[in-house]
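> would you be able to build a 3D model of this:
(2 chains)
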Amino acid sequence: EAQVTQNPRYLITVTGKKLTVTCSQNMNHEYMSWYRQDPGLGLRQIYYSMNVEVTDKGDVPEGYKVSRKEKRNFPLILESPSPNQTSLYFCASRRDINYGYTFGSGTRLTVV
Amino acid sequence: GENVEQHPSTLSVQEGDSAVIKCTYSDSASNYFPWYKQELGKRPQLIIDIRSNVGEKKDQRIAVTLNKTAKHFSLHITETQPEDSAVYFCAASRATGRRALTFGSGTRLQVQP
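Residues are numbered from 1 along each chain as shown, chains lettered A, B, ... in the order given. Predicted structure coming up:
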């Protein structure tokens, strides 16, 4: 089944404790992206990647890191999480620039 | 960068009526415009998209129109049903340069039975 898989689904952590949210797609898609969703603010892009080793900042990249060492994986790294990073995070992938993203199931992160 | 504005933020219609959601974008180089539906607690799902070389696209009860000159595009849902109740997002991206997909802030559609 074609899908985007992200883990974990739920995560509660403390301020300053580094964490990684994993994302994997099995569709051989070129593009991958991370979004965060907050009430009233819609979906805001954190980072996106156009291919292996090619990444670019989205609209809200501060406090996040990503890497794209393999085509299928695109982990999101929070080196020192803060409470304002409490949010619902979605990983997504798309075939190329002329197609829409397929989203993962989401990761609800709470930073206390 | 691209800025996408979406209106209205909430929309309530009676079952069987039509619903229209409108978006405007700022980057004249944007050429791909998808629409997503997000049901409560679920992930966003692509429902229809349009590229800049066409002005209208239909898929059963949903249609999207694009006016590149005015830089706006709209989602039309006809014969609405309760299962159409969800949050709808528009988005825009370009094929060259910065290729982020920027979303509007969403429209909560409620279809009253």
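> for chain B, which residues are neighbours of chain A?
By C-beta under 8 Å from any C-beta of the partner chain, the part of chain B that sits against chain A consists of B:1, B:6, B:32, B:34, B:36, B:43-46, B:49, B:51, B:89, B:91, B:93-95, B:98-106. Glycine gets a C-beta too; all of them are placed from N, C-alpha and C.
> are any of these buried, and which?
Among those, those classed as buried by 16 or more other C-beta atoms under 10 Å in any protein chain shown are B:6, B:32, B:34, B:36, B:43-44, B:46, B:49, B:89, B:91, B:93-94, B:99-106.
> nearest residue to B:A19 in space, please, no chain neighbours.
In space, and not counting its chain neighbours, B:A19 is closest to B:I77: 4.5 Å by C-beta to C-beta, 6 or more residues apart in numbering or on different chains.
> give me the number of neighbouring residues for the one you found.
Number of residues near B:I77 (other C-beta atoms under 10 Å in any protein chain shown) recorded here: 23.
> that one bridge partners, please.
B:A19, B:I62 (DSSP bridges).
> find the residue at the geometric middle of chain A.
The residue lying closest to the centre of chain A (C-alpha atoms, centre = their mean) is A:W34, at 3.0 Å.
> where does pLDDT dip in chain A?
Scanning chain A for pLDDT under 70 picks out nothing.
> identify each buried residue in the longest strand belonging to chain A, please.
Determined from DSSP state E, the single longest strand within chain A is strand A:42-51. Residues A:42-50 are the ones in strand A:42-51 that count as buried (16+ other C-beta under 10 Å).
> ok, now stretch B:72-80?
For stretch B:72-80, by 16+ other C-beta under 10 Å, it's B:72-77, B:80.
> same check on stretch A:99-112?
A:99-104, A:106-107, A:109, A:111.
> before we move on, back to that, in strands, which of the buried ones among the residues of chain B next to chain A appear?
B:6, B:32, B:34, B:36, B:46, B:49, B:89, B:91, B:93-94, B:102-103.
> now render those as TSV, adding pLDDT.
Formatted as TSV, those follow (pLDDT from 0 to 100):
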residue	pLDDT
B:Q6	96
B:Y32	93
B:P34	96
B:Y36	98
B:L46	96
B:D49	95
B:F89	97
B:A91	96
B:S93	90
B:R94	86
B:T102	91
B:F103	93
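> in its sheet, what does the helix or strand of chain B with the lowest mean pLDDT sit against?
The helix or strand of chain B with the lowest confidence, counting by mean pLDDT, DSSP states H and E, is strand B:102-103 at a mean of 92. Paired neighbours of strand B:102-103 in the sheet (DSSP bridges): strand B:86-94 (antiparallel).
> for the strand it pairs with, the distance to its chain's centre please.
5 Å (C-alpha atoms, centre = their mean, to the nearest Å).
> which residues in chain A form strands?
Under DSSP E, chain A gives strands at A:4-7, A:10-13, A:19-25, A:31-38, A:42-51, A:54-57, A:65-66, A:76-78, A:87-94, A:102-103, A:107-111.
> quick one: name the residues of chain A near chain B.
So chain A meets chain B at A:31, A:33, A:35, A:40-45, A:48, A:50, A:56, A:58-59, A:90, A:94, A:97-106 (C-beta under 8 Å from any C-beta).
> go again using 10 Å as the cut-off
A:4, A:6, A:31, A:33, A:35, A:37, A:39-45, A:47-48, A:50, A:56-59, A:88, A:90-92, A:94, A:96-106 (C-beta under 10 Å from any C-beta of the partner chain).
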